[in-house]
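Peer 1: kindly generate the corresponding structure for this input.
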Amino acid sequence: MTINTNSKPINSVRLFQTSPHPCSYKENKRASTVFVDPDLVIDKSLNSKLSDLGYRRSGAHLYRPDCEFCNACISCRIPIDQFAFSQAQRKIWRKNQDLKVIERNDLICEESFALYESYINTRHADGDMYPATPEQFEAFIKTKTVDTRFFLFYQEDRLVSVSVTDILERGVSAVYTFFDPTESKRSLGIHSILHQIYFANVLRLPYVFLGYWIKNCKKMEYKSKFRPLEMLIDGNWILVK
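Peer 2: Next up, the predicted model:
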């Protein structure tokens, strides 16, 4: 099929749909997902155009929710030029200024899986990613595009947070972040987004893509605290202040 974008069509992109499966976010609900032909190479152009259409990268796949009776998953992104720190966000940013940040093209440090395993098994023990495995880590976290960057945050010599970020044509995509669950006072998840806002600003790119937001979902609530926020509604990006 042809996927139309605001610029030019992406021709002959095959889409596949999963069978209905239990929803990860809504109890007693069924979900289905559309994903792009896995044989396609995810380059910056494809990743960028599909991100603008509400798709998301997970490992080697680009996907979007496609549920028959639900449209609760809403793509959202932060417009960098209009973003303003809240008082709480400014406090989080200052609190983490002692962290050393290292940017890598590959995630090869040995301690990264231990950190990921601790994060998943502590924060997402009720989800479909539990328990964390090396195979899952390889497929979901370490699989990358040529435009993926890994940001490693160290407190002295101890790895406390890792952010996986894709560079797009009109922004950066916050693919995934995992962090030390014992460092709750640092709010490392929020800090990682603030760092990606900083990174996008350095690259002079207009957006940070945050993935999906679901109303009244506690796991997604943090995304709505970044204001203003643009949400993809009925195919149009709408500014929410």
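Peer 1: biggest helix in the protein by residues?
Peer 2: In the chain, assigned by DSSP state H, the helix with the most residues is helix 188-202.
Peer 1: ok, and what's touching the next helix or strand after that one?
Peer 2: Per DSSP states H and E, the first helix or strand lying C-terminal to helix 188-202 is strand 207-213. Strand 207-213 has contacts (CB atoms under 8 Å, 6 or more residues apart in numbering) with 51, 56, 65, 73-80, 168, 170-174, 193, 196-197, 200, 220, 223-224, 226, 230-231. For glycine as for every other residue, the C-beta is placed from the backbone atoms N, C-alpha and C.
Peer 1: can you count the residues close to V13?
Peer 2: The tally of other residues near V13 (other CB atoms under 10 Å) stands at 16.
Peer 1: surely it and P38 touch.
Peer 2: No. Contact between V13 and P38 fails when scored by CB atoms under 8 Å: they sit 11.8 Å apart.
Peer 1: who touches the longest helix of the chain?
Peer 2: Contacts with helix 188-202, where a contact means CB under 8 Å, 6+ apart, come from 78, 80, 83, 85, 89, 92-93, 95-96, 99, 101, 149, 151, 153, 160-161, 163, 165, 171-172, 174, 177, 179-180, 206-208, 210, 222, 225-226.
Peer 1: hmm, 7 Å instead?
Peer 2: Contact with helix 188-202 is made by 78, 80, 83, 89, 92-93, 96, 101, 151, 160-161, 163, 165, 171-172, 174, 177, 179, 207-208, 222, 226, as judged by CB atoms under 7 Å, 6 or more residues apart in numbering.
Peer 1: flag every buried residue along it.
Peer 2: 188-197, 199-200 (16 or more other CB atoms under 10 Å).
Peer 1: let me have those residues in a markdown table, extended by pLDDT and distance to D128.
Peer 2: Putting the buried residues of helix 188-202 into a markdown table (pLDDT from 0 to 100; distance: CB to CB, whole Å) gives the following:
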| residue | pLDDT | distance to D128 |
| --- | --- | --- |
| L188 | 98 | 23 |
| G189 | 97 | 19 |
| I190 | 98 | 24 |
| H191 | 98 | 26 |
| S192 | 98 | 22 |
| I193 | 98 | 23 |
| L194 | 98 | 28 |
| H195 | 98 | 28 |
| Q196 | 98 | 25 |
| I197 | 98 | 29 |
| F199 | 98 | 29 |
| A200 | 98 | 30 |
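Peer 1: mind listing what K219 touches?
Peer 2: Contact analysis of K219 by CB under 7 Å, 6+ apart lists Y25.
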